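K.L.:
everything below, folded, please.
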Amino acid sequence: MSYENFRQQIIEKNGDFFSSAVTAFFEKAVELATNEKYEEALAVGNDALVLVKYSNIGYPVVYLIGMLCQAYLDNDQPEVADRFFRYGMTILNENDATYDDDINQFLDLKGIIDDELKQKSGA
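P.N.:
Now for the predicted structure:
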């Protein structure tokens with residue numbers, strides 16, 4: 001059995017459970033980031049990103065990735081934010097109804113990331 005078949009079986013059997021977990025983790029990550037507890041928000045957000053692979057969650061993972069980008073920026077880690085940005089760009093789907101908004105938000109993040117990277121490098 002391939003990994004993808006295995007993952008799909010987990011989603012079929014336990015997708016609702018993982019979706020509930022992702023939602024709880026995402027909400028907690030946002031709460032922590034809002035309270036400027038960035039290290040904790042990043043840990044919880046990264047866990048949510050792992051769990052989402054096994055969920056049947058209704059909202060795109062791209063929102064979670066955008067939140068992680070912002071949290072890494074707020075935590076003075078633009079290099080990591082840039083890695084998440086690059087990953088987010090690979091999963092955006094032009095056929096999604098929210099594509100235009102999603103791409104614009106990601107491009108706004110990229111501008112901030114690039115500015116932070118320049119500042120950090122002293123350029």
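K.L.:
got the domain ranges for the chain?
P.N.:
The record's domain parsing of the chain by automatic domain parsing lists 1-59, 60-123.
K.L.:
make a markdown table out of these and add mean neighbour count and mean pLDDT.
P.N.:
Every C-beta, even on glycine, is put in place using the N, C-alpha and C of the backbone. Listed next are those as a markdown table, based on neighbours: other CB atoms under 10 Å; pLDDT from 0 to 100:
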| stretch | mean neighbour count | mean pLDDT |
| --- | --- | --- |
| domain 1-59 | 16 | 88 |
| domain 60-123 | 16 | 87 |
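K.L.:
what is whichever helix in the chain runs longest packed up against?
P.N.:
Assignment by DSSP state H gives helix 3-34 as the longest helix of the chain. Judged by 3 or more CB pairs under 8 Å, 6 or more residues apart in numbering; DSSP states H and E, helix 3-34 is in contact with helix 38-51, helix 61-74.
K.L.:
what lies in contact with the last one?
P.N.:
Spelled out, it's helix 61-74. 22, 26, 29-30, 33, 36, 38, 41-42, 45-46, 48-49, 52, 78, 80-81, 84-85, 87-88, 91-92, 102, 105-106, 109, 112-113, 116 (CB atoms under 8 Å, 6 or more residues apart in numbering).
K.L.:
how about 6 Å then?
P.N.:
26, 33, 38, 41-42, 45, 48-49, 52, 80-81, 84-85, 88, 102, 109 (CB atoms under 6 Å, 6 or more residues apart in numbering).
K.L.:
and those residues, which two are furthest apart?
P.N.:
Greatest spacing in the contacts of helix 61-74, by CB to CB: 38 and 102 (23.2 Å).
K.L.:
run through who's touching stretch 16-34.
P.N.:
Applying CB under 6 Å, 6+ apart, the contact partners of stretch 16-34 are 40-41, 44-45, 47-48, 51-52, 54-57, 64, 71.
K.L.:
and which of the residues you listed is nearest residue 3?
P.N.:
Using CB to CB, residue 54 comes nearest to residue 3 of these, at 11.8 Å.
K.L.:
the longest helix of the chain: how far from the chain's middle?
P.N.:
12 Å (CA atoms, centre = their mean, to the nearest Å).
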